[in-house]
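Chemist: sequence below, structure please.
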Amino acid sequence: EAIFTADPLFTTIAKPFFSFINQSTVADGSGLKYLWNLGAGPDPNKPANRTSTDANPINIEYAADTAQKDVTLYVTTEHGCIDSTTRKIRIDPDITVFIPNAFRPGSNPERTPCLDGDPECNQEFRVVANGHLSVEVFIYNRWGQLVFKSNDAKEGWNGTVLNKGVELCPQEVYVYQVNATSYAGKQYRYSGSITLLR
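Modeler: Next up, the predicted model:
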C-alpha cells in the first residue's frame, strides 16, 4: 500500500520547500522500489515533471508562487505489484510588511525625493503590506496616548492627532504597534519607533 505524508502539508511563498515521508507497507515484507513524481520545480527551463527514486525525498523546492500541486508516489514490490497514491501540497501567499522609521509632514518632495516616485511618501507615516488579510496600525506618544489608529494599510498618519488635522503632534519619537493577519490566518505583530520631524 502506497502511503506518504508531506512535511509541512502547506507552506508559504517565503519558504516553498517540502519533505516527503514514505509510510508505504507491504504485507509479505518484501523489498520495495519507489518512484516519486514531484511536479515542476522552481526553474521554468527544467522539465515540468521531476522524479525521484529516494525513499524519502527531503527539502524539495518548488516555485515561489501560490498554488496547489500534486505529488504522486508509485511503489513496486519485488514481485512487480504496483500501488500509487497522490497528495496535494499547498503554497500560500506570505505577508510582507515594510515600516518606515521617520517622516516629515509637509516636506518638499523635490528636496526629499522618494525611490518609488510617490510624492507623498515622506509626508505621511504609512505601513506597506502585501499578502495580508487584515492590518491594524496603532501609534502612541511617549505618554502612551493614542495619536493614530487605522485598519487600512493604505491610510497613512499625517502627523496630527487621530488624523483630524486640528492638533499637530510635536516633533519627537512615537511608538507604533502593527498587527497583521496573513491569508493563511497566521498573525504577526510588529512594534518599534517612528520619528516625526518638523
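Chemist: do you know how far the residue of the chain positioned farthest from its centre is from T85?
Modeler: Here the chain reaches farthest from its C-alpha mean at H79, the gap being 46.0 Å by Cα atoms, centre = their mean. The spacing between H79 and T85, counted by Cβ to Cβ, to the nearest Å, is 19 Å. For the C-beta atoms, the positions are set from N, CA and C on the backbone; glycine is no exception.
Chemist: the residue most central in space within the chain in helix, strand or coil?
Modeler: Computing the C-alpha centroid of the chain and ranking residues by Cα atoms, centre = their mean puts D94 first, at 1.6 Å. At D94 the chain is in coil, as set by DSSP: H, G, I helix; E, B strand; the rest coil.
Chemist: so where is this structure shaky, pLDDT-wise?
Modeler: For the chain, the stretches with pLDDT under 70 are 47, 107-121.
Chemist: and N151, what does it touch?
Modeler: S134, V135, E136, V137 (Cβ atoms under 8 Å, 6 or more residues apart in numbering).
Chemist: could you do F10 as well?
Modeler: I89, R90, I91, D92, A184.
Chemist: separate out the buried members of those residues.
Modeler: Buried members of the contacts of F10, scored by 16 or more other Cβ atoms under 10 Å, are I89, R90, I91, D92.
Chemist: which ones among these lie within strands?
Modeler: Judged by DSSP state E, the buried ones among the contacts of F10 include I89, R90, I91, D92 as members of strands.
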